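S.K.: fold the stuff below for me.
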Amino acid sequence: GRLPVHQLADYAGTVNRPVLLRSWSNALAQVGYSDNWADYDLCEAIYAHFRNDVGPVGPIVVINSLDPDTQRLAAQTESVTLANGQGSIKRDDMILKTIAIEGKVLGTDFTAEYAADGASVLIKDLTGKIVSPVTVTFDAVDPSLVTETEIISSLEALSLVYQTMNMVPTILDAPAWSHMPEVASALKASALQINGHWYAFVNTNIDATTAKTIAEAVAWKATNGYTGAGEAPCWPMAKKGDRIFHLSTLTTVAMQQIDHDNGDLPYETPSNKPISITGLCLADGTDIEFDQVTANQLNEQGIRTATFWGGRWILWGPHTGAYVYGKDLEPRDIFDSSRRMFYQLMNDFQLRYGILVDKPLSRAQVDTILNDYQEYLDNMISRGALLHALIAFIETSNPISDIVEGDFVFDVATTTTPPAKSITGVVRYTSKGLQALFGGEQA
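M.R.: The predicted structure follows:
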């Protein structure tokens with residue numbers, strides 16, 4: 001997405017490269033911040049992760065597609081009145097390092113810095129010699145120049161996350177862009193075998209401008225191909241005060257929160273987890289209201305939404321985009337937590353044993369892998385992350401022709417722990433208690 005990196009005196013290394021953010025203050029220092037989420041959409045993710053009422057969670061990696069060096073409007077001017085040597089310009093697009101006053105030196109004669117909300121720039125006279133009002137010249141970024149093409153191109157930077165940060169991407173999200181089918185398709189394609197190895201789950205959005213009703217959201221999902229087992233399409237959007245959030249953003253936050261609570265194992269769905277909102281809305285902010293019964297109409301079509309339950313707003317819907325009620329599916333593709341656990345196992349196996357590639361693989365080494373990984377699987381069973389798991393080295397999976405070529409296969413059979421999508425208590429009448437009317441013991 002787009003970030004206001006033009007707020008920084010030096011934004012080198014912040015365009016089409018992954019940037020690791022660990023906290024609110026760290027984000028402001030690394031990539032800037034603006035409350036104008038319409039133009040700087042990744043600020044929504046920064047706010048949702050580090051300023052929510054449920055609990056801040058990180059780290060996150062952001063990839064910014066807005067390049068102040070090329071996507072800019074040159075030679076802009078503003079007149080600013082100084083009072084006590086200070087004045088402000090109410091603009092959020094000024095490229096900080098281009099700000100100039102004729103005959104004055106930035107950093108020596110005056111300073112320029114953005115306000116905390118990113119909505120204005122404060123000019124401060126350091127010498128007391130600047131005559132007010134003063135004309136300020138600058139170049140301005142133009143966020144509108146970032147299109148689907150730039151966003152898709154930025155996905156190439158995913159390949160840098162592992163090699164520059166020693167981190168495996170596990171959840172992908174492009175909140176303001178994933179409702180565009182071409183971006184969503186590219187995002188889902190990029191999530192499979194990042195660096196030729198890693199698998200990530202994708203949170204996407206159904207267009208809350210076009211789809212204004214549940215029926216329209218269901219039709220839109222099917223028509224535009226948001227039906228993957230490795231994604232969770234979300235609808236509609238959500239609000240808190242004047243802020244409007246994409247549900248994919250809130251899903252990503254909730255996933256990270258619950259993963260953290262579970263020792264970084266993704267075996268629990270973010271459905272029925274609290275989110276920091278006050279209601280649901282369409283893209284233009286129009287309120288949209290429905291209860292949990294109606295929300296289930298979305299869930300049975302593989303669409304995640306939100307609902308009010310237990311005195312709080314929660315995400316609602318544990319399914320992947322592949323799910324449609326009554327449709328035959330591979331069991332692993334029904335729930336987001338099941339699919340994510342499969343990705344977890346595939347990623348973890350490669351991280352553990354990649355170091356053994358090109359080393360001699362003796363029978364003793366095979367046994368070491370079997371014992372080591374079975375111990376890991378047994379630990380996940382004891383924690384409730386899996387119901388069953390067994391690793392084996394099977395002769396039929398390893399023909400001599402493959403072994404001669406140095407290709408070895410270990411089979412891992414697992415049963416993921418299904419979420420209790422519904423829990424029913426059946427209440428029946430019995431006449432046994434009537435004996436109490438006669439003072440006798442109940443039978």
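S.K.: OK, contacts around Met167?
M.R.: Contact analysis of Met167 by CB atoms under 8 Å, 6 or more residues apart in numbering lists 20, 61, 161. For the C-beta atoms, the positions are set from N, CA and C on the backbone; glycine is no exception.
S.K.: that one - that's part of a helix, no?
M.R.: No. Using DSSP: H, G, I helix; E, B strand; the rest coil, the assignment for Met167 is coil, not a helix.
S.K.: who does whichever strand or helix holds Ala184 touch, helix- and strand-wise?
M.R.: Assigning secondary structure by DSSP states H and E places Ala184 in helix 181-190. Where contact means 3 or more CB pairs under 8 Å, 6 or more residues apart in numbering; DSSP states H and E, helix 181-190 is packed against helix 148-154, strand 201-205.
S.K.: neighbouring contacts of the shortest one?
M.R.: Put plainly, it is strand 201-205. With contacts defined as CB under 8 Å, 6+ apart, strand 201-205 is touched by 170-173, 175, 178-179, 184, 187-188, 191, 226, 228, 230-235, 237, 246-249, 251-252, 255, 266, 321, 336, 339-340, 343.
S.K.: could you redo the last one with a cut-off of 6 Å?
M.R.: Applying CB atoms under 6 Å, 6 or more residues apart in numbering, the contact partners of strand 201-205 are 171-173, 178-179, 184, 187-188, 191, 226, 230-234, 246, 248, 251-252, 340.
S.K.: which of these fall within strands?
M.R.: The subset of the contacts of strand 201-205 located in strands under the criterion DSSP state E comprises 171-173, 231-234, 246.
S.K.: closest to Ala389 out of the residues you listed?
M.R.: Looking at the ones in strands among the contacts of strand 201-205 and their distance to Ala389, the nearest is Ile171, at 22.8 Å (CB to CB).
S.K.: neighbours around that closest one, how many?
M.R.: By the measure other CB atoms under 10 Å, the count of residues near Ile171 is 21.
S.K.: bridging residues for it?
M.R.: Phe201 (DSSP bridges).
S.K.: doesn't Ala254 make contact with it?
M.R.: No. Shown here, Ile171 and Ala254 do not form a contact pair, counting by CB atoms under 6 Å, at 10.6 Å.
S.K.: do you know how far the residue nearest the centre of the chain is from Tyr267?
M.R.: For the chain, the residue lying nearest the average C-alpha position, counting by CA atoms, centre = their mean, turns out to be Thr252 (3.7 Å). Look at Thr252 and Tyr267: by CB to CB, to the nearest Å, they are 17 Å apart.
S.K.: then Ser144?
M.R.: In this view, Ser144 and Tyr267 are 42 Å apart by CB to CB.
S.K.: the two: which has the busier surroundings?
M.R.: Tyr267 (22 against 9).
S.K.: what sits against the more buried one?
M.R.: Shown here is Tyr267, whose contacts under the criterion CB under 6 Å, 6+ apart are 337, 341, 385, 417.
S.K.: tell me how many other residues crowd the second one.
M.R.: As a burial measure, Met341 scores 23 neighbours (other CB under 10 Å).
S.K.: what pLDDT is listed against it?
M.R.: At Met341, the predicted lDDT confidence score is 98.
S.K.: ok, and the closest non-adjacent residue to it?
M.R.: Thr416 (4.8 Å; CB to CB, 6 or more residues apart in numbering).
S.K.: and if you look at the first one?
M.R.: Distances taken as CB to CB, 6+ apart put Thr269 closest to Ser337, at 4.4 Å, once the chain neighbours are dropped.
S.K.: phi first, then psi, for that neighbour.
M.R.: Backbone geometry at Thr269, expressed as degrees, to the nearest 10, gives phi -70, psi 150.
S.K.: surely it meets Pro318?
M.R.: Yes. Contact between Thr269 and Pro318 holds when scored by CB under 6 Å: they sit 3.9 Å apart.
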